[in-house]
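Asker: 3D model of this:
(chains A and B)
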Number of protein chains: 2
Amino acid sequence: MIEACPESRKNIVESSQVPSDQLEKFFNPRNVAVIGASRNPQKPGRVILENFLNPKFRGKVYPVNPNAEKIAGLKCYANLSEIPAELDFVVVAVPAEKVPPVIQECVNCGVKAVVVISGGFKETGERGKKLEEKIAQIITGSDTRVLGPNCIGIYDAHSGVDTLFYPPHRLPRPSAGKISFISQSGAYGGALLGWAATRGIGISKFISCGNMVDVNEIELLEYLGNDPTTQTILMYLEQTTDGRKLIEAARTIVREKPIIALKAGRTTEGARAALSHTGAIAGVDQIYSVAFKEAGIIRANLSEELFDFAFALSLQPPAQGNRIAIITNGGGFGVLATDYAVYHKLQLAELQLDTIAELKKRLPQRASVENPIDLTGDASVADYEIALNMALSDPNVDAVLAIILFQFPAINLGIVETIEHAAKKYEKPVVVCTAGGGFAEDCKKMLKSKNIPCYSDPNRAVRAMAALASRGAYLRKHGARVRVP
Amino acid sequence: MIEACPESRKNIVESSQVPSDQLEKFFNPRNVAVIGASRNPQKPGRVILENFLNPKFRGKVYPVNPNAEKIAGLKCYANLSEIPAELDFVVVAVPAEKVPPVIQECVNCGVKAVVVISGGFKETGERGKKLEEKIAQIITGSDTRVLGPNCIGIYDAHSGVDTLFYPPHRLPRPSAGKISFISQSGAYGGALLGWAATRGIGISKFISCGNMVDVNEIELLEYLGNDPTTQTILMYLEQTTDGRKLIEAARTIVREKPIIALKAGRTTEGARAALSHTGAIAGVDQIYSVAFKEAGIIRANLSEELFDFAFALSLQPPAQGNRIAIITNGGGFGVLATDYAVYHKLQLAELQLDTIAELKKRLPQRASVENPIDLTGDASVADYEIALNMALSDPNVDAVLAIILFQFPAINLGIVETIEHAAKKYEKPVVVCTAGGGFAEDCKKMLKSKNIPCYSDPNRAVRAMAALASRGAYLRKHGARVRVP
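Answerer: Numbers count the residues shown, from 1 in each chain, chains lettered A, B, ... in the order given. All right, here's what the predicted structure looks like:
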């Protein structure tokens, strides 16, 4: 299978390249080969080949399989050098022991970006580890970059690159958006993509790192930091390649783009599980906590927080402090939100006496004008407008959590514009919580379309608010200009 | 509006009645009157009237409004005594100051069950408190029982009683099921009903307590304890009428039926909010923790936990200990589940050497046979069957969390029966976590239909498992026979 490539396509190491240029071909290749393309429609090599036939991908794809003439209607090639095109991206889905010679072929042909899907490397023991070291040796000194092995590679919703070997009927793909996601677990990342797709959440780039024989999470982070289609970066980590470099890279990026990370293997037992999963040395969790704080990385504990925080941080300005006002038309939700706010180290803002007096004067008598401001079930949109404007203009208030229950007929969809206007006017973050049936769900979508993050549970809304406060505190401390989205 | 009722219908106090008999008419009345029925289709009195026209309700409903001839096509009455039927249930939706004379009328007419929807009582201050005391005086010595005021009353999915004043297009009603729910916040309870309805979760009885001038959360709990259509009881509490009585009532009930409670106002700030919401004295949270533990009440911290725990506790047997085995086809999820298990005070079971040897022999080499057992993405249903049976038969394992990612084509829906059979065979709880797209959602529904609780996040699955362990520990400690659902 290994043949020499024409001299013109040989590798030349260009040491002046910035890392992001080196990774560019992973996301925007012209000619792609799938080594290990299979006639069996269930096999990874076949699913991946068909992904590249999606009209979104503008380049060409070539199946490589010495034992087939045609796969999925495409002429099959015995090896890379037979392919009549300059290849920039190769996906490798052959058994582990066959991977090193294939990588050599990629180097010979000057391929810039190689994704190794195959497992059976260091995660399985000593023999696999040796194979991985072989790959590292082969690419040393070349400008062939390798992602993986033991990964699911890349999904780029903008360019159509899709090396996920999950058939689309099993895992729907998300639409194009502005959230990018680096995952050290392929299956975890994949499941979250499916979750995002069914909820209409857009994704820009998804990258599964696998065993990181070459390309690691830090380089990928730097790439996404410079990527114009990425507005927010999510990470699932089991370890870091280099704590200091991660901090350095993140510190620059977070001034412009929020980074939210879920670190698994936090407990001793979890760390042991991570070791047998990706061979990760999960490290002492406390060190990660300190490092994330230093780097301005917002830490998520739950999968839902990755996206919940991403919405808040990409749609609303960071909070200038942690003093929040809660406005509600359901008392119980106000009580719960207050408890959650205290748990998550937010303060219930002490409204100025002027604000309280004005609220008393302008709101109906039934309303409770302490914080939480309980407008009660009879609250109209006009009541919310008064409460929102008074709370947001109070210098003691850094952010507002508006709880809106749509089961009360006194409230109508006019609330969407009211909230949009108030949030824009005061440049303080506003987050909404609404729960109930289909009507509430419709309202949530409308609010999101107006850049208002909206959650179905007060605890989720409060945690998102805490993320906004945490980002605000970091940016203030490090003298960064606070960006209003 | 107040008239004397015929002598035959006057109240006689029957002190030998057990409380549940006294409350029966709230859930299964024959003749219902709505006082304050309105011509305005948005008003509570009108929405409630129309709820009783639902074909599910087998009794008759009579609107009371001295200023209308007909409402919603029904002849209107000026007062109760004009109604040519023996009334057993009356809904009151008139302004607060008009409520006491109406209650007197109910007593005169021998009405057993009265729901007062109206607000404007002790939650608004001294004047409202006096009105409430008046109601208490009026019903003393009668067998008229009053639910409320300041509540949304009752929704009984079996009998069709529905006093919720939320129009159905704003708040869909859940189908009939076996979960009952007592809420000290109407709006909160209502929103959760809508949430349940849109997720296809069935409800038996929902009761909003309001200010509890008469019927309180403890009597309601006792009633649900004896109710054959209630299998699991949920509670939203801001306070308790009598801690000792609550514990006594719960201790008897929990031997048969799980009780799950969300207590709001846990923090000082939250307690203050509760005071202005329902006038509740939320009390010291630590006392509630001790009381719930003593009573065998499972504590929820989040709304989603109320239903998550209800599924686990009603579908699976309690765990005989806290040693769990995790089986997964996605390594990252296994690592996360391990972390969450440790947080929630579960132990990763130490598999017996025999079990490990047998797993090694029977599973493919790629599988990691430590706990978490990682079958990897190539796992087949047969692999799961081996792992499930080996883990469940290991005496060191009290429960199994199976994580199943359906993005991998190697796994098919045969897994549903495999899990069902294994769970039944060993009488140890099995809980499933699956995440991804629509295919995973379909599988979740199938698993639930086979009595396997299924969650979309490992943390939710682990918390549900912890609830099963907590219930098991309580029942063992108190010598109760463990019921296998």
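Asker: tell me the pLDDT at the closest residue to residue A:234 other than its chain neighbours?
Answerer: Spatial nearest neighbour of residue A:234, chain neighbours left out: residue A:181 (4.3 Å); criterion: Cβ to Cβ, 6 or more residues apart in numbering or on different chains. No exception for glycine: its C-beta is placed from N, CA and C like everyone else's. At residue A:181, the model reports a pLDDT of 98.
Asker: and the gap between residue A:181 and residue A:306?
Answerer: To residue A:306, residue A:181 is 8 Å away according to Cβ to Cβ, to the nearest Å.
Asker: Determine the residues that are contacts of both of these two.
Answerer: A:192, A:234, A:236 (Cβ atoms under 8 Å, 6 or more residues apart in numbering or on different chains).
Asker: Tell me which of these fall in strands.
Answerer: Among the shared contacts of residue A:181 and residue A:306, DSSP state E puts A:234, A:236 in strands.
Asker: In this structure residue A:252 contacts residue A:221, no?
Answerer: No. In this structure, residue A:252 is not within contact of residue A:221 by Cβ atoms under 8 Å, at 9.9 Å.
Asker: pLDDT of stretch A:364-375, averaged?
Answerer: Stretch A:364-375 shows a mean pLDDT of 94.
Asker: pull the CA atoms of it into CSV?
Answerer: Output of stretch A:364-375 as CSV, limited to C-alpha atoms (Å, rounded to 0.1, in the frame of the first residue of the first chain):
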residue,chain,number,x,y,z
PRO,A,364,-50.2,47.2,42.4
GLN,A,365,-50.6,46.8,46.2
ARG,A,366,-50.5,43.0,46.0
ALA,A,367,-46.8,43.0,44.8
SER,A,368,-44.0,42.4,47.3
VAL,A,369,-41.4,45.0,46.6
GLU,A,370,-38.6,43.4,48.6
ASN,A,371,-36.0,41.4,46.6
PRO,A,372,-37.3,38.9,45.3
ILE,A,373,-39.8,41.2,43.8
ASP,A,374,-43.0,39.1,43.7
LEU,A,375,-45.5,40.6,41.2
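Asker: what's next to it, contact-wise?
Answerer: With contact meaning Cβ under 8 Å, 6+ apart, stretch A:364-375 is reached by A:325-329, A:331, A:334-335, A:337-338, A:348-351, A:356, A:359-360, A:363, A:376, A:378-379, A:383-384, A:387, A:391, B:119-120, B:124, B:272-273, B:276-277.
Asker: Could you do stretch A:468-476 as well?
Answerer: A:254-255, A:258, A:296, A:298, A:312-313, A:316-322, A:346, A:398-399, A:429, A:431, A:481-482.
Asker: Pull out the buried positions in that stretch.
Answerer: Within stretch A:468-476, the residues that count as buried by 16 or more other Cβ atoms under 10 Å in any protein chain shown are A:468-475.
Asker: which residues in the stretch 251-400 of chain A form strands?
Answerer: Ranges of strands in the stretch 251-400 of chain A, per DSSP state E, counting those that start in this stretch, are A:259-263, A:298-300, A:323-328, A:347-348, A:373-374, A:399-403.
Asker: who has more neighbours, residue A:252 and residue A:221?
Answerer: The residue with more neighbours, out of residue A:252 and residue A:221 and counting by other Cβ atoms under 10 Å in any protein chain shown, is residue A:221; that gives 23 against 14.
Asker: what's the closest non-adjacent residue to that one?
Answerer: Nearest non-adjacent residue to residue A:221, counting by Cβ to Cβ, 6+ apart: residue A:249, 5.2 Å away.
Asker: residues touching the one you found, list them.
Answerer: A:218, A:221-222, A:225.
Asker: Which residue, neighbours along the chain excluded, lies closest to whatever residue of the stretch 101-250 of chain A ends up closest to chain B?
Answerer: Closest contact between the stretch 101-250 of chain A and chain B, by Cβ to the nearest Cβ, is at residue A:185 (2.7 Å). In space, residue A:185 comes closest to residue B:332 once its chain neighbours are excluded; the distance is 2.7 Å by Cβ to Cβ, 6+ apart.
Asker: need the contact list for that neighbour.
Answerer: Contacts were defined as Cβ under 8 Å, 6+ apart; by that measure residue B:332 touches A:183-189, A:236, A:238, A:264, A:277.
Asker: Next, find the distance separating it from residue A:238.
Answerer: Distance, residue B:332 to residue A:238, using Cβ to Cβ: 7 Å.
Asker: Can you work out which residues contact both of the two?
Answerer: Listed as contacting both residue B:332 and residue A:238 by Cβ under 8 Å, 6+ apart are A:184-185, A:264, A:277.
Asker: who in the stretch 51-200 of chain A is up against chain B?
Answerer: The stretch 51-200 of chain A comes close to chain B at residues A:119-120, A:124, A:166-167, A:169-172, A:183-192, A:194-195, A:197-198, as judged by Cβ under 8 Å from any Cβ of the partner chain.
Asker: From those residues, which land in strands?
Answerer: Under the assignment DSSP E, these contribute residue A:183 to strands.
Asker: Buried ones from the residues of the stretch 51-200 of chain A next to chain B, can you make that a ChimeraX selection?
Answerer: A single ChimeraX command is used to select the members of those judged buried by 16+ other Cβ under 10 Å:
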select /A:119,120,124,166,167,170,171,172,183,184,185,186,187,188,189,190,191,192,194,195,197,198
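Asker: Identify the residues contacting the residue of the stretch 101-250 of chain A closest to chain B.
Answerer: Counting by Cβ under 8 Å, 6+ apart, residue A:185 touches A:208, A:236, A:238, A:264, A:277-278, B:330-333, B:335.
Asker: give me the low-pLDDT residue ranges for chain A?
Answerer: Along chain A, segments meeting pLDDT under 70 span A:1-20, A:481-485.
Asker: What is the longest helix of it by residue count?
Answerer: Identified as the longest helix of chain A according to DSSP state H is helix A:458-477.
Asker: Backbone torsions only: list them for the closest residue to residue A:161 other than its chain neighbours.
Answerer: Distances taken as Cβ to Cβ, 6+ apart put residue A:154 closest to residue A:161, at 5.3 Å, once the chain neighbours are dropped. Here is the backbone geometry of residue A:154 (degrees, to the nearest 10): phi -130, psi 140.
Asker: partner residues bridging residue A:154?
Answerer: Bridge pairing for residue A:154 (DSSP bridges) gives the partners residue A:207.
Asker: neighbours of whatever residue of the stretch 1-150 of chain A ends up closest to chain B, just the number please.
Answerer: Proximity of the stretch 1-150 of chain A to chain B (Cβ to the nearest Cβ) peaks at residue A:42, 4.7 Å away. By the criterion of other Cβ under 10 Å, residue A:42 has 12 neighbours.
Asker: ok, the residue in the stretch 201-350 of chain A that chain B sits nearest to to residue B:196 distance?
Answerer: Taking Cβ to the nearest Cβ, chain B has its nearest neighbour within the stretch 201-350 of chain A at residue A:332, 2.7 Å off. Going from residue A:332 to residue B:196 by Cβ to Cβ gives 16 Å.
Asker: Residue A:448 now?
Answerer: 23 Å.
Asker: report the angle between the axes of the helix or strand residue A:418 falls within and strand A:399-403?
Answerer: Using DSSP states H and E, the element containing residue A:418 is helix A:414-426. Helix A:414-426 and strand A:399-403 are oriented at 180 degrees to each other (axes from the mean of the first three to the mean of the last three Cα atoms, to 10 degrees).
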